[in-house]
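J.: using only what follows, build the 3D model:
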Amino acid sequence: MSKLISLLYGVVCYAVFFLAFLYAIAFVGNWFAPKTIDSGDAASLGESLAVNLVLLSLFAGQHTIMARPGFKHWFTKFAPAQVERSTFVLASSLLLILMYWQWRPMTGVVWSVENPAGRAVLVGLCGLGWLTVLLSTFLIDHFDLFGLRQVWLHFRGAEYTHHKFQTRALYKYVRHPIMLGFAIAFWATPDMTVGHLLFAGMTTGYIIVGIQFEERDLVSFLGDDYAAYRRQVPMLLPIPGKRAAREEP
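T.: As a prediction, this is how the structure comes out:
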């Protein structure tokens with residue numbers, strides 16, 4: 001029964017994530033959603049700035065704390081290890097939903113591209129960014145990243161093992177294609193408002209800071225393999241002529 005409960009919990013957490021991810025595309029792109037980054041009830045500039053900064057900080061803080069090995073070790077003293085990743089995914093998703101709900105639009109125009117071809121290019125780049133995010137998760141194991149592999153292996157009575165470190169496709173050219181995809185999706189818009197600029201700027205800043213924490217943990221866990229990979233491959237922006245020395249077996 002405990003195995004079934006863990007599996008159902010993981011599936012529910014994944015479903016909440018998947019809905020939150022789909023809504024993120026509509027929210028950031030101002031596409032077909034009841035509430036987007038530039039729609040909803042407006043407030044004063046001061047209130048909007050304060051509320052939006054708190055929402056972004058909550059998400060960044062949760063990610064920074066719950067992704068650290070120390071927190072994971074503490075968490076598994078009180079909860080089954082197989083649901084640790086699913087709980088992280090659920091907490092992240094709920095904070096995203098809170099952001100969608102409480103975000104205050106700041107609709108002052110920073111830029112607006114009127115040329116139809118220019119608008120189409122930017123919308124296409126935004127879509128490419130989201131596609132890069134999704135594709136990159138499958139390159140490293142989508143279901144492990146979002147907790148389903150852990151609860152499924154536990155349900156089957158199999159021991160969880162970490163994947164062997166390797167680089168494939170996009171990971172041969174940048175170390176963090178998921179984060180590159182997010183950055184492209186957040187910045188590629190034909191209509192940049194003050195609120196959208198705040199969102200894009202703060203999330204990009206957090207991406208850069210968060211990578212430093214993540215890579216410190218990766219070097220500690222993977223050792224020389226990841227240290228060499230970090231020296232050979234750029235963090236976010238692909239540089240011609242540089243690629244990982246490690247190839248997929």
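J.: so for stretch 41-52, what gets flagged as buried?
T.: Neighbour-count burial for stretch 41-52 flags 48-49, 52 (criterion: 16 or more other Cβ atoms under 10 Å). For every residue, glycine as well, the C-beta is placed using N, CA and C.
J.: stretch 209-217 too?
T.: 210-211, 214-215.
J.: sorry, back to before: which members of the buried residues of stretch 41-52 occur in helices, if any?
T.: 48-49, 52 (DSSP state H).
J.: where do the strands of the protein begin and end?
T.: For the chain, the strands defined by DSSP state E occupy 109-112, 191-193.
J.: for the longest one, enumerate the helices and strands it packs against.
T.: Read that as strand 109-112. strand 191-193, helix 194-222 (3 or more Cβ pairs under 8 Å, 6 or more residues apart in numbering; DSSP states H and E).
J.: buried sites along it?
T.: Within strand 109-112, no residue is scored as buried using 16+ other Cβ under 10 Å.
J.: quick one: average pLDDT of that strand?
T.: Averaging pLDDT along strand 109-112 gives 95.
J.: of all the strands of the chain, which one is nearest K35?
T.: strand 191-193 (14.6 Å; Cβ to Cβ).
J.: quick check: mean pLDDT across the closest one?
T.: 96.
J.: coming back round to it: and the strands of the chain as JSON lines, adding distance to M235?
T.: Formatted as JSON lines, the strands of the chain follow (distance: least, Cβ to Cβ, whole Å):
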{"stretch": "strand 109-112", "distance to M235": "26"}
{"stretch": "strand 191-193", "distance to M235": "25"}
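J.: looking at the ones you listed, which is closest to D38?
T.: Comparing these by Cβ to Cβ, strand 191-193 comes nearest, at 5.2 Å.
J.: which parts of this structure are helices?
T.: Under DSSP H, the chain gives helices at 2-29, 45-66, 69-75, 84-102, 116-140, 142-145, 148-156, 177-187, 194-222, 224-232.
J.: quick one: residues contacting L197.
T.: V110 (Cβ atoms under 8 Å, 6 or more residues apart in numbering).
J.: ok so, going back, most tightly packed of the helices of the chain?
T.: helix 177-187 (a mean of 21; mean count of other Cβ atoms under 10 Å).
J.: and the contacts of that one?
T.: Contacts for helix 177-187 (Cβ under 8 Å, 6+ apart): 25, 28-29, 125-126, 128-137, 139, 170-171, 174, 199-200, 203-204, 207, 210-211, 236-237.
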